[in-house]
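**Student:** any chance you can model this:
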Amino acid sequence: MLRKMIIRGATAAGALAVLAGAGATPAVAAPSTARTAVYGFGGACPNGKWGKPEVRPAKAWFTASCEDGLRRLHWTAWGRKTAKGSGQHLLIGAKGITRHAATVVLSGVRVHNGRKYFSHLVIKWTTKSHKHRQEAFSWQHTNLGWLWFPFKPKPGR
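**Tutor:** Prediction:
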């Protein structure tokens with residue numbers, strides 16, 4: 001009888017220790033929906049709609065005619081106010097597609113349907129003739145719908 005009481009007491013103490021430990025476990029990371037997202041990335045070409053918000057997308061196509069894009073994106077930082085990464089910048093022109101190693105910065109946080117998103121994009125690269133280039137886009141509504149539209153950034157951006 002005494003042995004059964006000791007076993008039951010030890011079992012109950014063990015169960016309480018497990019339950020107490022469960023309350024002390026570290027917090028689980030917030031789901032990706034809590035992170036600042038970007039719209040208009042990931043698809044084959046902009047469709048003029050909001051589409052699916054993405055966190056750390058691997059590719060993107062820009063402008064109404066999709067003559068500008070990024071692929072093989074690797075993000076070094078993805079925060080609440082900015083995201084920084086690098087990848088391959090694709091420019092489609094009269095000579096076909098030219099590819100350049102590039103850096104990418106997302107900024108300008110806004111809110112759509114309760115979701116924070118980046119509204120500004122800056123791509124920097126160096127041409128084969130060693131000229132430094134930069135393109136800036138903003139996620140905005142045009143007569144074609146929502147898309148990444150080229151703009152001239154203010155100094156310091």
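**Student:** in the sheet, which residues pair with the residue nearest to Thr36 when sequence neighbours are not counted? Tell me.
**Tutor:** Closest residue in space to Thr36, ignoring its immediate chain neighbours: Lys116 at 4.5 Å, by Cβ to Cβ, 6 or more residues apart in numbering. No exception for glycine: its C-beta is placed from N, CA and C like everyone else's. In this entry, Lys116 is beta-bridged to Val111, by DSSP bridges.
**Student:** can you count the residues close to Lys116?
**Tutor:** By other Cβ atoms under 10 Å, 16 other residues sit near Lys116.
**Student:** now swap in Lys49 and tell me
**Tutor:** Lys49: 12 surrounding residues under other Cβ under 10 Å.
**Student:** thought it was touching Gly145?
**Tutor:** Yes - counting by Cβ atoms under 8 Å, Gly145 is a contact partner of Lys49 at 6.0 Å.
**Student:** if I pick the closest residue to Gly42 other than its chain neighbours, what's in contact with it?
**Tutor:** In this structure, Gly42 finds its nearest non-sequential neighbour in Pro57, 4.6 Å apart by Cβ to Cβ, 6+ apart. Residues near Pro57 by Cβ atoms under 8 Å, 6 or more residues apart in numbering: 38, 41-42, 73.
**Student:** wait, which of the residues you listed is closest to Phe151?
**Tutor:** Closest approach between the contacts of Pro57 and Phe151, by Cβ to Cβ: Val38, at 16.3 Å.
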